[in-house]
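**Student:** mind folding the following:
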Amino acid sequence: MGTLEDQLKQWKKAAASRQPTPSSAPPQSKRAAKKKAPRPQTIRREEPPPPPKALPPKPPTDAELFAAAVEGVTPDAVLDKFAAAPAVVVKGERLTPSPPKDDATLFREFVGAVPPKTSPKR
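**Tutor:** Residues are numbered from 1 along each chain as shown. Okay, the predicted model is just below:
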């Protein structure tokens, strides 16, 4: 182990001889010796947070929609709309529609007259 300690001492001496001493350092210029004055610090103000975004309007309820729809409706308009046969207005005159046709009449108009059944001859 003595050899390792000797080698360490020699290495420390060699390292100390390689470093320049302060007296052998080149002189610095007066300008470089002066330290630069620190820049004045500016204080940044925190920006206020942006205002919250406006929420979209709440959709109207069914009751509000119904109230808005029937606001200007008159009772006469309701009766005309839901009467069995609504009144027809032609050039300012009210015409009453003809009574509805029965099923047999509608069938005859659609298919035509049906000939009577005849029995087949044997």
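**Student:** now do the buried residues in the longest helix anywhere in the chain.
**Tutor:** Counting by DSSP state H, the longest helix found in the chain is helix 2-18. Buried residues in helix 2-18, counting neighbours by 16 or more other Cβ atoms under 10 Å, are absent. Where C-beta positions appear, they are placed from N, C-alpha and C, glycine not excepted.
**Student:** which element is the residue nearest to the spatial centre of the chain on?
**Tutor:** Central residue of the chain (Cα atoms, centre = their mean): P56, 10.2 Å from the mean position. Counting by DSSP states H and E, no helix or strand carries P56.
**Student:** which pLDDT value belongs to it?
**Tutor:** Note for P56: predicted pLDDT of 83.
**Student:** got it, and A63?
**Tutor:** On the pLDDT scale, A63 gets 90.
**Student:** contacts only, for the residue nearest to the centre of the chain.
**Tutor:** Contacts for P56 (Cβ atoms under 8 Å, 6 or more residues apart in numbering) come out as none.
**Student:** and the longest helix of the chain, what does it pack against?
**Tutor:** With contacts taken as 3 or more Cβ pairs under 8 Å, 6 or more residues apart in numbering; DSSP states H and E, helix 2-18 sits against no other helix or strand.
**Student:** put the alpha carbons of that helix into CSV.
**Tutor:** The C-alpha trace of helix 2-18 is given here as CSV (Å, rounded to 0.1, in the frame of the first residue of the first chain):
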residue,chain,number,x,y,z
GLY,A,2,2.9,2.3,0.4
THR,A,3,3.2,2.6,-3.3
LEU,A,4,-0.3,3.9,-3.8
GLU,A,5,0.2,6.6,-1.2
ASP,A,6,3.5,7.6,-2.9
GLN,A,7,1.8,7.8,-6.3
LEU,A,8,-1.0,10.0,-4.8
LYS,A,9,1.6,12.4,-3.4
GLN,A,10,3.4,12.7,-6.7
TRP,A,11,0.1,13.3,-8.5
LYS,A,12,-0.8,16.1,-6.1
LYS,A,13,2.6,17.7,-6.6
ALA,A,14,2.3,17.5,-10.4
ALA,A,15,-1.2,18.9,-10.3
ALA,A,16,-0.1,21.9,-8.1
SER,A,17,2.8,22.7,-10.4
ARG,A,18,0.5,22.8,-13.5
